[in-house]
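Asker: I'll drop the sequence and a predicted model, then ask my questions.
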Amino acid sequence: VMDSTGRDYVSQGRLPEAVRLLQDAAEAGRVHLGSQDSTTRRCIVHLAEAHGRMTAEGDGKVPDAKTIAIIEQAIEILEESIGHDETDTISLKYYLAVAYARLDGRFRESEALQNQVLSWCRRQLGNRTVTANLMIRNLVLMYRQLGRMDKAREIENEFGRIRRSIS
């Protein structure tokens, strides 16, 4: 019930409340069912999704180490259970990329994840999707933060070509 209500809160944008409930659900799962139980693992993934949304949609707050660890654990769970190239896994990789980008010294890891996500978007969704466009914009921002203006311009030019080819 906590997990389900937490997910409802996520869909309503009530992220801090969702995180509290989903943390309780994941902890209850660990205590009563064990860390390898499928229900516990599902609760951890839902918690990671809520943390990811808070990180990506939040006010630029730097995530803490616990948040990073939860998202990383959820990615491992999804890669083991559904695969590395599935939508849910890719979404969490995007959230982790955003979290890494907000931490000092983790831009390279963020860039690598952003590239994986962008590549997936191009393969699965095509360049016209909002998701792919968001990834492109985030890569440009990332390269600017890294001081790699040449790479930022290269991606911006590609984005411009994509836009022109759609019209």
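Answerer: Okay, I see it. Numbers count the residues shown, from 1 in each chain.

Asker: so what does the residue most central in space within the chain have for phi and psi?
Answerer: Closest residue to the average C-alpha location of the chain: Tyr95 at 1.8 Å, with CA atoms, centre = their mean. Torsion angles at Tyr95 (phi, psi; degrees, to the nearest 10) stand at phi -60, psi -40.

Asker: what sits against it?
Answerer: Tyr95 sits next to 48-49, 51-53, 55-56, 71 when contact means CB atoms under 8 Å, 6 or more residues apart in numbering. In short, each C-beta sits where N, CA and C put it, glycine included.

Asker: ok, 6 Å please
Answerer: Residues in contact with Tyr95 (CB atoms under 6 Å, 6 or more residues apart in numbering) are 52, 55-56, 71.

Asker: just give the closest residue to it, not the sequence neighbours.
Answerer: Gly52 (2.6 Å; CB to CB, 6 or more residues apart in numbering).

Asker: ok, that neighbour - how many residues close by?
Answerer: 25 (other CB atoms under 10 Å).

Asker: what does the pLDDT read for Arg161?
Answerer: With respect to pLDDT, Arg161 scores 59.

Asker: ignore the last one, Thr67
Answerer: For Thr67, pLDDT reads 93.

Asker: that one reaches His51, doesn't it?
Answerer: Yes. With contacts counted by CB atoms under 6 Å, Thr67 reaches His51, the gap being 4.8 Å.

Asker: compare the two (neighbour count), which wins?
Answerer: His51 (28 against 21).
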